[in-house]
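Chemist: okay, structure incoming, though there's no sequence with it:
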């Protein structure tokens, strides 16, 4: 009897899945659920015939060049496979698989949650309650907008998009959609097809994104396209952050072109997305998680530095800043909190040090520098 094939499993998976892996394969599991760096991934793959990764592992052309020749398949524990350079896999002779349709209902439900939450300002209200700042009701307080009877535009009418259309029909929404090809009439269920995105956008009170990341869709949602939406529209991204120009999204929100946004995915580099309101905490978590992932992939240690800035003068703001420190810590950052260096209410500056001329005086500069030095030695060693 031949030996069982060896499989590298890059993340901690549900117990039933790991039990089956142990039964059928020589499974190299990850009980601590640590993220592998690129070098660790390649080294751990030696002697295996298969890798079972999640979307947190990135298989670039460089990774495939260095991947041991005995690896014959990348079996993704995900629907999406944009984290895999499929052409590089083909050149290497490695099969790439995914798990289509297993998350269609879940993603559609998430989309509806984001849509309704953004429209009804749910995140803002929940935050006020948790922080003890909800005072009383008034007719003009926290007024959102309804989605019932509104026009929904769906960008990407694949499996998830079609389920979203069915769920939205329960809210009497008129469904518009754009995709590379039109669905057969029996699958449209009354939805209105638009050959171009530019034609659909002016018809959308709500726009939800469900398309794959391809060369044609990467960075697709630009300022020009946001400007085609009716003023006060709601935007929901339940696909991939790479489809959206983050700066354009922030501008659309701050200008009022968009009333609100429900964000499930962001690009990893853009800390400015933390400015988005009301889903600031959702965005912060996504951004921090991706930064931690990137640091670990390159063998670096993620550090979030919180330093004084003399801009915010309210106790409410300080509560928000302290919560952001908690989010960074939960995401896996080493957090260095120097907010009380001057003994006053301060602001947040994650991941970068603000220009020294923002601080009150040279003595304060020296104090901050000394505290930073001591904190770094405490966290990182001599």
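Modeler: Sure, I can see it. Please read these numbers as outputs of a predicted model, since none were measured by experiment.
Chemist: any stretches of this protein with poor pLDDT?
Modeler: Scanning the chain for pLDDT under 70 picks out 1-2, 267-324, 327, 331, 333, 336-382.
Chemist: quickly list the domain ranges of it.
Modeler: 6-97, 104-134+144-294, 301-380 (automatic domain parsing).
Chemist: helices or strands up against the helix or strand harbouring residue 234?
Modeler: Residue 234 is part of strand 233-237 when elements are defined by DSSP states H and E. Strand 233-237 is packed against helix 104-119, strand 206-209, strand 258-263, with contacts defined by 3 or more CB pairs under 8 Å, 6 or more residues apart in numbering; DSSP states H and E. (C-beta placed from N, C-alpha, C; glycine too.)
Chemist: just name the most buried of these.
Modeler: strand 206-209 (a mean of 27; mean count of other CB atoms under 10 Å).
Chemist: which element follows that one toward the C-terminus?
Modeler: In N-to-C order, the element after strand 206-209 by DSSP H and E is helix 223-226.
Chemist: direction included, what does the strand holding residue 234 pair against?
Modeler: strand 206-209 (parallel), strand 258-263 (parallel) (DSSP bridges).
Chemist: just name the most buried of the domains of the chain.
Modeler: domain 104-134+144-294 (a mean of 18).
Chemist: so residue 208 touches residue 150, yeah?
Modeler: No. Counting by CB atoms under 8 Å, residue 208 sits too far from residue 150 to count as a contact (11.9 Å).
Chemist: report the contact partners of residue 60.
Modeler: Each residue near residue 60 by CB atoms under 8 Å, 6 or more residues apart in numbering is listed here: 85, 88.
Chemist: measure it to residue 52 for me?
Modeler: Residue 60 sits 18 Å away from residue 52, going by CB to CB, to the nearest Å.
Chemist: residue 123 too?
Modeler: Residue 123 sits at a distance of 34 Å from residue 52 (criterion: CB to CB).
Chemist: secondary structure element for residue 41?
Modeler: helix 38-44.
Chemist: the helix or strand following that helix pairs with which strands?
Modeler: On the C-terminal side of helix 38-44, the closest following helix or strand by DSSP H and E is strand 50-52. Next to strand 50-52 in the sheet, as set by DSSP bridges, lie strand 6-9 (parallel), strand 73-75 (parallel).
Chemist: so which elements touch the helix or strand just after the longest one?
Modeler: Next along the chain after strand 6-9, taking DSSP H and E as the criterion, comes helix 15-24. Counting contacts by 3+ CB pairs under 8 Å, 6+ apart, helix 15-24 packs against strand 6-9.
Chemist: contacting residues around the strand it packs on?
Modeler: 18, 21, 25-30, 44-45, 47-52.
Chemist: max pairwise distance over these: which two?
Modeler: Distance extremes for the contacts of strand 6-9: the farthest pair is 18 and 47 at 19.4 Å, using CB to CB.
Chemist: please enumerate the helices of the stretch 51-200 of the chain.
Modeler: 61-66, 86-92, 104-119, 122-130, 159-169, 185-188, 197-200 (DSSP state H, counting those that start in this stretch).
Chemist: nearest approach to residue 233 belongs to which of those helices?
Modeler: helix 104-119 (10.5 Å).
Chemist: show me what that closest one is packed against.
Modeler: Using 3+ CB pairs under 8 Å, 6+ apart: helix 104-119 touches helix 159-169, strand 206-209, strand 233-237, strand 258-263.
Chemist: would you format the strands paired with strand 233-237 as a markdown table with distance to residue 83 included?
Modeler: A markdown table is the format used below for the strands paired with strand 233-237 (distance: least, CB to CB, whole Å):
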| stretch | distance to residue 83 |
| --- | --- |
| strand 206-209 | 18 |
| strand 258-263 | 19 |
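Chemist: just to revisit the earlier point, heading C-terminal from the strand holding residue 234, find the next helix or strand.
Modeler: helix 246-255.
Chemist: that next one versus strand 233-237: what angle between them?
Modeler: 150 degrees (axes from the mean of the first three to the mean of the last three CA atoms, to 10 degrees).
Chemist: re earlier: TSV for the helices of the stretch 51-200 of the chain, including distance to residue 9?
Modeler: Below are the helices of the stretch 51-200 of the chain laid out as TSV (distance: least, CB to CB, whole Å):
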stretch	distance to residue 9
helix 61-66	17
helix 86-92	19
helix 104-119	22
helix 122-130	35
helix 159-169	26
helix 185-188	36
helix 197-200	39
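Chemist: which one, of those helices, ends up nearest to residue 237?
Modeler: Going by CB to CB, the one of the helices of the stretch 51-200 of the chain nearest residue 237 is helix 104-119, 8.4 Å.
Chemist: any idea how far the closest one is from the middle of the chain?
Modeler: Distance of helix 104-119 from its chain centroid, counting by CA atoms, centre = their mean, to the nearest Å, is 15 Å.
Chemist: could you do stretch 161-176 as well?
Modeler: 24 Å.
Chemist: is it correct that residue 236 is in contact with residue 111?
Modeler: Yes. Using CB under 8 Å, residue 236 is in contact with residue 111, at 5.9 Å.
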